[in-house]
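# Sequence first, then the predicted structure:
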Amino acid sequence: MVRRVKKVQIGFDVDGVLYPWHERVYDYMTRNYGFRGTLGQLFVDLNNPRRYDPGFIKQIVEKKEFYRGEPYKLVVSFLEELAKDYELHYITARPLQTSVATKAWFKEHKFPYLENVVVVEDSKSKEILERRIAYYIEDRVKHALELKDLTNIILVRKPWNEKIQDQFPCMNSILELGNYLK
Ligand SMILES: [Mg+2]
């Protein structure tokens, strides 16, 4: 009898983990709005309603051109290797109207496990539980804190998550992930 052993499930956030969305927004803001601070400062400011109007943020977040660039370097070949031993899932909290573009992007860049790309409106909890995600790679404070009792969070170190870096294993990029999986 052939027994199939189910692979361990690993989940990935997309923006800031696989894809430099923040850097795209940063380029746009420096070019079009004369923003002069650091990347970290920009995202602190963008989360401050006294600096930027929520309507403006919404416009940024929904801008389709920010979702069209290249993934971070070496990410796809790294995930191809990882996919030999693990099942991969991509769970992103992007505006739902980016769903089609998001799935097309994964396909275009030939990520493994294309059937496991999911766009959620806000909370990722339901997907993490249903998909039995053992490890989840995240950069955003809100999601890391919400999911920390449901899975093993591994944080990608960013200026916007400095405050919680002492609570989680942290890496500079997913290329270091091998060191964090048991
Ligand atoms: Mg993110």
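Alright, I've got the coordinates.

# For the ion, give me its nearest residue in this protein.
Residue nearest to the ion within the chain: G16 (3.6 Å; CB to the ion). C-beta coordinates here come from the backbone N, C-alpha and C atoms, glycine included.

# residues contacting K158?
Going by CB atoms under 8 Å, 6 or more residues apart in numbering, K158 touches 16, 22, 40, 139.

# Could you find the closest non-adjacent residue to the first one?
With CB to CB, 6 or more residues apart in numbering as the measure, D139 is the residue that lies nearest to G16, at 3.7 Å, once sequence neighbours are left out.

# I'd guessed the residue of the chain closest to the ion sits against R140; true?
Yes. Look at G16 against R140 with CB atoms under 8 Å: they come within range, at 7.0 Å.

# Weed out the non-buried ones from the contacts of K158.
16, 22, 139 (16 or more other CB atoms under 10 Å).

# Could you dump those residues into TSV with secondary structure and pLDDT added?
Formatted as TSV, the buried ones among the contacts of K158 follow (DSSP: H, G, I helix; E, B strand; the rest coil; pLDDT from 0 to 100):
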residue	secondary structure	pLDDT
G16	coil	97
H22	helix	97
D139	coil	97
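
# wait, isn't E23 in contact with L39?
Yes. At 6.9 Å, E23 counts as touching L39 under the criterion of CB under 8 Å.

# neighbour count winner among the two?
L39 (19 against 14; other CB atoms under 10 Å).

# I137 should be in a helix, yeah?
No. Secondary structure of I137 (DSSP: H, G, I helix; E, B strand; the rest coil): strand, not part of a helix.

# give the contact list for it.
Contacts of I137 were listed using CB under 8 Å, 6+ apart, and they are 10-13, 17, 153-156, 174, 177.

# care to break the protein down by domain?
As given by automatic domain parsing, the domain ranges for the chain are 8-20+71-180, 22-67.

# least reliable of those domains going by mean pLDDT?
Of all the domains of the chain, mean pLDDT reaches its minimum on domain 22-67 (a mean of 93).

# Between the two ends of it, what distance do you get?
10 Å (CA to CA, to the nearest Å).

# starting at the chain centroid, how far to it?
17 Å (CA atoms, centre = their mean, to the nearest Å).

# is it up against the ion anywhere?
No. Against the ion, domain 22-67 shows no contacts by CB under 5 Å from the ion, the least distance being 8.1 Å.

# Near the ion, which residues of the chain are found?
Residues of the chain lying near the ion by CB under 5 Å from the ion: 13, 15-16, 139-140.
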